[in-house]
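K.L.:
starting from these lines, generate the structure:
(2 chains)
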Amino acid sequence: GDSVTQMEGPVTLSEEAFLTINCTYTATGYPSLFWYVQYPGEGLQLLLKATKADDKGSNKGFEATYRKETTSFHLEKGSVQVSDSAVYFCALTSPGTYKYIFGTGTRLKVLA
Amino acid sequence: SAVISQKPSRDICQRGTSLTIQCQVDSQVTMMFWYRQQPGQSLTLIATANQGSEATYESGFVIDKFPISRPNLTFSTLTVSNMSPEDSSIYLCSVDRLAEIQETQYFGPGTRLLVL
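P.N.:
The predicted structure is shown next:
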């Protein structure tokens, strides 16, 4: 079945460091890919998404490119801030299923 | 994006009791979903709730333990019945909102439940 694999956390970075959180997936067909962020004490917020190969999703300085050849959707940010400290979830959904498959989440801690 | 609210935002309950969680959306949506997020874990889909029909439960979840109502297109409830400490989790509702070509789910803020 479909699955999402994320790098284990926690990830601890200094402010202004470069961030990469790896995400790879297994799916039949052409899924849509998502990154959600969960700030402390809050629910999940959609951060960005991509719906087809080579699409790049971007939001708030974060980017991720849908790579079908490597079945990956890595999240990147050039310069992280303390306010980016949160748990990041990679997810996929296959067309027409409405069912989301989530990765295990990666906790990011950014130090001032 | 949809505006989704949940009540209560958190609760502490005694084992053996039941809690009903409400989810309200600011506009009509076809599909609503209930997820569980156990401490330090990812999200697990409990069930899909469509208006006018029985909820569809995922493997490992049953209606007797997690009864769901969907009386209209903007509201749903999830009841956690006969609670045990293992039910301590964050419970999130989400809605499916057609966005461009592909569906996108938007989540409520969650209900943090602690069972003693």
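K.L.:
surely B:Ser76 meets B:Pro67?
P.N.:
No. With contact defined as CB atoms under 8 Å, B:Ser76 does not count as touching B:Pro67 (11.3 Å). For the C-beta atoms, the positions are set from N, CA and C on the backbone; glycine is no exception.
K.L.:
have a look at those two and say which one is more surrounded.
P.N.:
The neighbour count for B:Ser76 versus B:Pro67, taken as other CB atoms under 10 Å in any protein chain shown, is higher for B:Ser76 (26 against 16).
K.L.:
for that one, give its distance to chain A.
P.N.:
Using CB to the nearest CB, to the nearest Å, one gets 15 Å for the distance from B:Ser76 to chain A.
K.L.:
distance from the helix or strand hosting that residue to the middle of the chain?
P.N.:
Per DSSP states H and E, B:Ser76 falls inside strand B:75-80. The chain centroid and the centroid of strand B:75-80 are separated by 6 Å, computed with CA atoms, centre = their mean, to the nearest Å.
K.L.:
and if you look at stretch A:28-46?
P.N.:
7 Å.
K.L.:
in that stretch, which residues are buried?
P.N.:
When neighbours are counted by 16 or more other CB atoms under 10 Å in any protein chain shown, the buried residues of stretch A:28-46 are found to be A:31-38, A:43-46.
K.L.:
ok, now stretch A:71-91?
P.N.:
Going by 16+ other CB under 10 Å, stretch A:71-91 has these buried residues: A:71-75, A:77, A:80, A:84-91.
K.L.:
which residues lie in contact with B:Gln28 in this structure?
P.N.:
For B:Gln28, the set of contacting residues under the criterion of CB atoms under 8 Å, 6 or more residues apart in numbering or on different chains consists of B:73-74.
K.L.:
for B:Arg10, same thing?
P.N.:
For B:Arg10, the contacting residues are B:111-114, by CB under 8 Å, 6+ apart.
K.L.:
can you say which of the residues you listed are buried?
P.N.:
Applying a neighbour-count criterion of 16+ other CB under 10 Å, the buried members of the contacts of B:Arg10 are B:111-113.
K.L.:
quick one: contacts of the strand holding B:Ser76?
P.N.:
Residues external to strand B:75-80 that are found in contact with it (CB under 8 Å, 6+ apart): B:18-25, B:32, B:34, B:46-47, B:49, B:65-70, B:87, B:91, B:93, B:113.
K.L.:
what about chain B, any weak spots by pLDDT?
P.N.:
For chain B, the stretches with pLDDT under 70 are B:1-2, B:97-103.
K.L.:
what does chain A give?
P.N.:
In chain A, no residues with pLDDT under 70.
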